[in-house]
Every structure is written in C-alpha cells, then in structure tokens.
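Show me how the following folds:
(one chain, ligands or ions: 2)
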Amino acid sequence: MHQPGSVLVTGGAGFIGSNYLLQVVPAHTEVTFVNLDALSYAGNLMNLAAIEQAQNYAFVKGEVQDVELLHALFAQHAFTTVVHFAAESHVDRSIRDPLAFVRSNTLGTVALLEAARAAWKDDTTNRHRFYHISTDEVFGSLGDNGAFRETTPYDPRSPYSASKAASDHFVRAYYHTYGLPVVLSNCSNNYGPFQFPEKLIPVVIANALQQKPVPIYGTGLNVRDWLYVGDHCAAIDTILRWGTTGDTYVIGGDSERTNLDVVRMLLDVVDEATGQPVGTSRQLITFVTDRPGHDYRYAMDFTKLHQALGWTPSHALEEGLRETVAWYLRNGDWLNAVMDQSYQTYYHEQYGL
Ligand code: NAD
Ligand code: TYD
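Ligands and ions are numbered 1, 2, ... in the order given. Coordinates of the predicted model:
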C-alpha cells in the first residue's frame, strides 16, 4: 500500500483536478496537498474556493515544464507523491495548436519525471509514488465491437492523444530505466461540475440554458463512454493507495452512448430541470462540420480495476447528468465568469454559431 504524506497535484485548478482536490483535501487531513497549476483558460481558482483556507492545502502558480520551479518545490515540500493531471485537454484545440500540447503534455510530463527522479534517487524507503493520469484516447478508435483494456496497443490519432501517448511512454520508460515508482490510469470521457464549456456536456448545458443552437459534429453517431467525474476521482484515490507499482489501470463508466443519444438525454434533463415541456430543447440540435480525424468509438473494459481493487462506477448516466445540470443551474455565476471574451471568440471560430 502507498501512504501519501506530502502530495504534489498538478493541474488541480482544472476540471478533474479540482474535483479531486475537493474530494481528498477534506477527506485526508493528515496529508498535505500542493497544487501546481499554470491557470490557463481551463484552470480557475474559483473551483477551489471551498478548500482554499484548508490547513493541508497550498496553491502555486506555475508550469509543469519549469524545471527550476519543480526542483525548488520538491526540495521545499519533500513530496512523497505526485498526482499528475496538468495537460492541455481539448482535441479541437490540439488540431489548431499541436505544439502547445507537446509542451504541456509531453515535455511537461518529462520535466516532472526528471524532478521526481532527482528528488527520490537516494530513496530506499519505498514510500514514493508518481501517478500519471491519462486518457482512453491513446488507444485510438474502435469499430462497432470490442473495448479498450490495459493490453490494447497504442494508436493515437489526434495531436492531443499523440501528446498523451508520448507522455505515457515516458512514464513507463522511467519505471523500467530508473525504477521510478509509477502508476498510470487511462480513463474514458468525464462529465460533472466545473467542466469548462468547450467539452460536449457543458457546451450542451450552457447553450440549452440560453436556448442557443447545440452543435453536433458530423452525424452524431460517434460513441463515447461517459463517467461521472466524482467516480473517476474515487478510482484515482483507490489506485494511488492500492494500485501495483508499474501497473496501468483502465477506468470506464459502463455508459456507452452515441453523441446524439447523450445530447437528447441531456436536453430532456435540462427541460425537466427548467420546467419546460420535455423534448422542447431537442429542436436546438444543429449538425455542424465534423472534427477532422474524429475517432468513431471508445469503450472500456475495466475488469482489472474492478477485480483487483473493487472499484465500480456509482452513477448511472441519467442520474449523473441530472446532478450535473442541477450544479450548472446553481452555478450560473461560474459559467458566466469562465465564458469570457476569449472563450466567446474561440467558440465562434470553432462552430461559426
Ligand atoms: P482541464 O483542461 O479541465 O484542466 C487542465 C488543468 O491543467 C488546468 O487547470 C490548466 O490550467 C492546467 N495546465 C495546463 N497546462 C499546464 C502546464 N503546462 N503547467 C501547469 N498546469 C497546466 O483538463 P481535465 O479535463 O481536468 O483533464 C485533466 C487530466 O485528465 C488531463 O491529463 C487529461 O488528459 C486527463 N483526462 C481527461 C478526461 C476528460 O474527460 N476530461 C478523460 C480522461 C483523462
Ligand atoms: P469532447 O467533449 O470534445 O471529448 P472527446 O473528443 O475527448 O471525446 O467530445 C465528445 C464527443 O462529442 C466527440 O465525439 C466530439 C463530439 N462533440 C460534438 O458533437 N459537439 C461539440 O460541440 C463537442 C465539444 C463535441
């Protein structure tokens, strides 16, 4: 078992990282958490208001590829543990600016691995762990059958997934070459509170609340597997403590849907929550130009995680979407704050809507 003492969390102001910190900081008061985040467009300290005063939490603004900063932080905090979320995470942005993804996702991960290797090189206590958070997209695109598992060969097809695949390879290379105590997970599409409104679920919610067109790429028949973010964070905490060093765990939601099906379900949930006749918002669905190289289907076989560590998702999709819509309705201020001018410009250029 790994017992974290002092944890460096990277990217903790983003969607999954902030949900993780909100879950673990109050739950593990004996552990200190230092959140290193560049506060890009996707990172927001508002997400962390509930824990900003906690005694066992601190924030540092900076980039994971800043080697000097990393060495200083490792020296200051004697980290036992790294939980590495920081990344550029949106496929559409990676198509526009691949180099930004190489810098943060690939170079940033290698810089972090180097800092951990240097800090932990004389360790004989076996009390360290480097947890790399990755995505199912590194496995490429499935046809109508089958599912990704830990042994599936890598076949990334977007600049985002290529940069994440490269980072995964480096993490494993540091395990085999230097004995760095790593663990990895590859997860399917997350949804839930604090997700920036450029990903499918919050785009649909934000647009439906304003009765604006809801963009569907191509035919809408692409399939994703959806996991509630709180369930992903619970899996991460389990793997961090109980996972086997050097191993990879695939995480999924058991909720495969076509984009069209998930959008229809979500629009009906919005109608229900806002008191409109259910079905009204479906008329907002607008088919737009497809994403280049759009992966057709992702699906996860997380038998290993379930059998070895007992984890299973606790939210059915419709229930998770209800919670998510309720959260966005309660947090209109958050949505307005993040949908600033740069987001509006990006959105307009992306969809022409
Ligand atoms: P996000 O875009 O919401 O947040 C990323 C965070 O990282 C932001 O706070 C941003 O400021 C920070 N960041 C970006 N580049 C940085 C850098 N160079 N240095 C320091 N901080 C930096 O992303 P997310 O959806 O929360 O994803 C987190 C991780 O989980 C990523 O590694 C992603 O690949 C992985 N993942 C995401 C999903 C998903 O559905 N969102 C699914 C599987 C895996
Ligand atoms: P996204 O949330 O960007 O996640 P990913 O590309 O990492 O799976 O997209 C989820 C699916 O929804 C994907 O098939 C692309 C599609 N999509 C739309 O149809 N319309 C949209 O506005 C967005 C953002 C995505």
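
For the stretch 101-250 of the chain, which residues are neighbours of ligand 2?
The stretch 101-250 of the chain has residues 189, 199-200, 203, 215-217, 222, 224 near ligand 2, with proximity defined as C-beta under 6 Å from any ligand atom. In this view, the C-beta of every residue, glycine as well, is placed from N, C-alpha and C.

Among those residues, list the two that are farthest apart in space.
Farthest apart among those by C-beta to C-beta are 189 and 215. That separation is 16.7 Å.

Give me the residues contacting the strand or helix carrying residue 349.
Assigned by DSSP states H and E, residue 349 belongs to helix 341-351. Helix 341-351 is contacted from outside by 41, 92, 197-198, 215, 288, 353, using C-beta atoms under 8 Å, 6 or more residues apart in numbering.

tell me which residues in it are buried?
For helix 341-351, burial by neighbour count (16 or more other C-beta atoms under 10 Å) applies to 346-347, 350-351.

now the strands for this structure?
Here the chain has its strands, by DSSP state E, at 6-10, 32-37, 57-61, 81-84, 129-135, 182-187, 189-191, 214-217, 223-228, 248-251, 256-258, 285-288.

What strands line up against the fifth one, and which way round?
By that I understand strand 129-135. Using DSSP bridges, strand 129-135 pairs in its sheet with strand 81-84 (parallel), strand 182-187 (parallel).

Over to the second one?
Using DSSP bridges, the neighbouring strands of strand 32-37 in the sheet come out as strand 6-10 (parallel), strand 57-61 (parallel).

Nearest to ligand 2, out of these?
Minimum separation from ligand 2 across these (C-beta to the nearest ligand atom) falls at strand 6-10, 19.5 Å.

returning to that earlier point: any idea which of the residues of the stretch 101-250 of the chain next to ligand 2 is closest to ligand 1?
residue 189 (4.6 Å).

In terms of pLDDT, where does the closest residue to the closest one other than its chain neighbours sit?
Nearest residue to residue 189, sequence neighbours excluded (C-beta to C-beta, 6 or more residues apart in numbering): residue 224, at 4.6 Å. Among the per-residue scores, residue 224 shows a pLDDT of 98.

quick revisit: for the helix holding residue 349, output the C-alpha coordinates as PDB.
In PDB, the C-alpha atoms belonging to helix 341-351 read as follows (Å, rounded to 0.1, in the frame of the first residue of the first chain):
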ATOM      1  CA  GLN A 341     -14.400  37.200 -24.300                       C
ATOM      2  CA  SER A 342     -11.500  34.800 -25.300                       C
ATOM      3  CA  TYR A 343     -13.900  31.800 -24.900                       C
ATOM      4  CA  GLN A 344     -16.600  33.600 -26.900                       C
ATOM      5  CA  THR A 345     -14.100  34.200 -29.800                       C
ATOM      6  CA  TYR A 346     -12.900  30.600 -29.700                       C
ATOM      7  CA  TYR A 347     -16.400  29.300 -29.700                       C
ATOM      8  CA  HIS A 348     -17.500  31.500 -32.600                       C
ATOM      9  CA  GLU A 349     -14.400  30.500 -34.700                       C
ATOM     10  CA  GLN A 350     -14.900  26.800 -33.800                       C
ATOM     11  CA  TYR A 351     -18.500  26.500 -34.800                       C
END
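
show me what contacts the residue of the stretch 201-350 of the chain found nearest ligand 1?
Closest approach between the stretch 201-350 of the chain and ligand 1, counting by C-beta to the nearest ligand atom: residue 232, at 7.4 Å. The contact partners of residue 232, by C-beta under 8 Å, 6+ apart, come to 16, 19, 187, 190, 251.

about what we covered before: can you redo the strands of the chain as TSV with mean neighbour count?
Formatted as TSV, these follow (neighbours: other C-beta atoms under 10 Å):
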stretch	mean neighbour count
strand 6-10	25
strand 32-37	24
strand 57-61	16
strand 81-84	26
strand 129-135	24
strand 182-187	25
strand 189-191	25
strand 214-217	20
strand 223-228	23
strand 248-251	24
strand 256-258	18
strand 285-288	14
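
quick one, helices of this structure?
15-27, 67-77, 91-96, 98-101, 108-120, 159-178, 200-209, 229-242, 259-274, 303-309, 317-330, 332-338, 341-351 (DSSP state H).

Return the residue spatially closest to the most far-flung residue of the chain relative to its centre, with its sequence-adjacent residues excluded.
Relative to the C-alpha centroid of the chain, counting by C-alpha atoms, centre = their mean, residue 277 is the outermost residue, at 33.4 Å. Spatial nearest neighbour of residue 277, chain neighbours left out: residue 271 (6.7 Å); criterion: C-beta to C-beta, 6+ apart.
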